[in-house]
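> Any chance you could fold what I've pasted below:
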Amino acid sequence: MRVFFSNITPQICLQYLMFFLVTYFLSIQAWNQSPTTDAAILIWIVGLITWAVKGELGLSGGQIKIALASCFVFFTCLLSWLFSDYDLDFKKFEPDTRFLLFGLTIIAISLSKLSINQFFIALIIAGISYGCSGIYERHFLGVYKVNGDENSVTFGNGAFLIATCLVMIYLTKAHSILKIIAPIAIVFALLAAIYSGTRGSFLALVPLGLITFYKFNNKGRVASFLFVLIAVYGVINHTNLSAKFERSERNFLAYYKEGKVNNSTGIRLEMWNSSLCIVKNNPIFGAGPRAFRNANSDEQLNCNFPAVKKFNQAHSIIFNTLATKGILGTISLAVFFYIILSVSFKDRSPTRFILLAAVTAMLSYGQTVDLLFKVFMADRHLVLLAIIIGLSRRD
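Sure thing, here's the model as predicted:
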C-alpha cells in the first residue's frame, strides 16, 4: 500500500485531474450547456496555476505560434467591438474572449501530460453520452428532433464532431483495445446526429471520406466505408434528405428568379446578401460582435432586407464573420485555421489528422451556422481544438 501511494506524484494527480475535466467537458455537452462552460473555466484555471507553479509554458514553437494566432483573432474582435456604431454590452463580445484563453487550454493539456489514450477514452465516453441522450429524448420523451439542452442543429453538429474525431483513432498510436471499442461510440454519436435531423454536419462526409480513404490501410478503408454508409443511410431515412434537396433546389431557383424568401433556403440566401450589404458599409471592422440584427435594423445602412431583420446571425461562419467582424476579422480567422493545420503538419504532430478532421467538420457545418455565435458554442469548438493541439507534443 505504501509503495502504491509513493508512486502517486503531483504530476500523476495533475494528469488525472485533467483527464476528468476533459472527459466531463466532452460528455456533458450532450445534456447541459452550463456545466460545459464550467469545465472549460476549470481547465483554464488549472492551466494558469500549473504555468505559475512550474514556471514554464511547456509548449513547442509551433504551439506558441498557434496561441499567438488565436490572440490575433481576439484583438481583431476587440477592435470590432470597440469601434462598433452600436451600443454592444460585454455579453456580445464574450464568445470572442475564448480566443484569448485558447493558449491556456494548450498549456493545461501540455503541462498535465494528458495522454492520447486518455483523450480517446474521453471521446468514447462522450460519443456514448450523446447516443444515450438522443435515444432517451427520441424513445422516452417522444422528441422527434432531439436537441439536448440546445437547438437540434447545434446538438447534431456536436455529436457529429465527436464521431469525426473518434474515426481518426486509427491514424494514431492509441491502444488497440480503444480501437476495438471506438466503433461503438462512433455509432452512438452518429445516431444522435441522425436523430437531431440536421443535415449541415453531414456536408463533411465527402472531404472526410477522401481523407480516410487516402490515409487508411485496407482494414481502415473498410471501417471508413462503413462510417460513411451508416451516416448516409441514417440521413436518408431519418431526415428525408432527397426530398429536402429537391425542395432546396426549387427554393434556390425561386429566390433568384422571383425573390421568394418564404422558405429556409430563401431566408438563408437573404441573410447572406444582407451580410454582404452590411460589410460594404463597415468593411474593416464590421458591425460589431453579434450585431447582425442591429445592423439589419439600421435604416441608415440602406440594407433593405426586412425578411431577416429578426435574425441574430447570418447562419454561416463566413458571412456572419464578414458582417460582424469585417474583412480584418475574417482574414484573422482564416489565418488562425491555416496556422493550426500548417504548423501541425509541418511539425508532423501525432494528432494532426484528428485536428484536420475536426477543422474539416467544423468548417463544413459552419457553412450553415456560425460556430462561435454563443459562449457555449465557442467553448465547444475552441476548447476541443486547443485540447488536440495540446496533445501534439512529441515526448
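> ok, the nearest residue in space to Arg352 that is not next to it in sequence to Cys71 distance?
In space, and not counting its chain neighbours, Arg352 is closest to Ser344: 4.1 Å by C-beta to C-beta, 6 or more residues apart in numbering. To be clear about C-beta, it is placed using only N, CA and C from the backbone, and glycine gets the same treatment. Spatial separation of Ser344 from Cys71 under the definition C-beta to C-beta, to the nearest Å is 18 Å.
> Can you pick out the residue with more neighbours from these two?
Ser344 (24 against 17; other C-beta atoms under 10 Å).
> The more buried one contacts Lys65, correct?
No. Using C-beta atoms under 8 Å as the test, Ser344 is too far from Lys65 to be in contact (10.7 Å).
> Do you have the strands of the stretch 51-200 of the chain handy? List them.
Taking DSSP state E, counting those that start in this stretch, the stretch 51-200 of the chain contains no strands at all.
> In stretch 331-350, which residues are buried?
Neighbour counts using 16 or more other C-beta atoms under 10 Å place 332-333, 336, 339-340, 343-344, 347, 349-350 of stretch 331-350 among the buried residues.
> And the contacts of that stretch?
Contact partners of stretch 331-350, identified using C-beta atoms under 8 Å, 6 or more residues apart in numbering, comprise 60, 62-63, 65-66, 69-70, 72-73, 76, 99, 116, 172-173, 317, 321, 325, 351-352, 355-356, 359, 363, 385, 389, 391-392, 394.
> send the alpha carbons of that stretch over as PDB?
In PDB, the C-alpha atoms belonging to stretch 331-350 read as follows (Å, rounded to 0.1, in the frame of the first residue of the first chain):
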ATOM      1  CA  ILE A 331      -8.800  37.300 -42.500                       C
ATOM      2  CA  SER A 332      -7.600  36.800 -38.900                       C
ATOM      3  CA  LEU A 333     -10.000  33.800 -38.500                       C
ATOM      4  CA  ALA A 334      -8.800  32.300 -41.800                       C
ATOM      5  CA  VAL A 335      -5.100  32.800 -40.800                       C
ATOM      6  CA  PHE A 336      -5.900  31.100 -37.500                       C
ATOM      7  CA  PHE A 337      -7.200  27.900 -39.100                       C
ATOM      8  CA  TYR A 338      -4.400  28.000 -41.700                       C
ATOM      9  CA  ILE A 339      -1.700  28.200 -39.000                       C
ATOM     10  CA  ILE A 340      -3.300  25.400 -36.900                       C
ATOM     11  CA  LEU A 341      -3.200  23.000 -39.800                       C
ATOM     12  CA  SER A 342       0.100  24.100 -41.400                       C
ATOM     13  CA  VAL A 343       2.000  24.000 -38.100                       C
ATOM     14  CA  SER A 344       0.600  20.600 -37.100                       C
ATOM     15  CA  PHE A 345       1.500  19.100 -40.500                       C
ATOM     16  CA  LYS A 346       4.900  20.800 -40.700                       C
ATOM     17  CA  ASP A 347       5.800  19.500 -37.200                       C
ATOM     18  CA  ARG A 348       4.300  16.100 -38.000                       C
ATOM     19  CA  SER A 349       2.200  16.300 -34.900                       C
ATOM     20  CA  PRO A 350       0.800  12.800 -33.800                       C
END
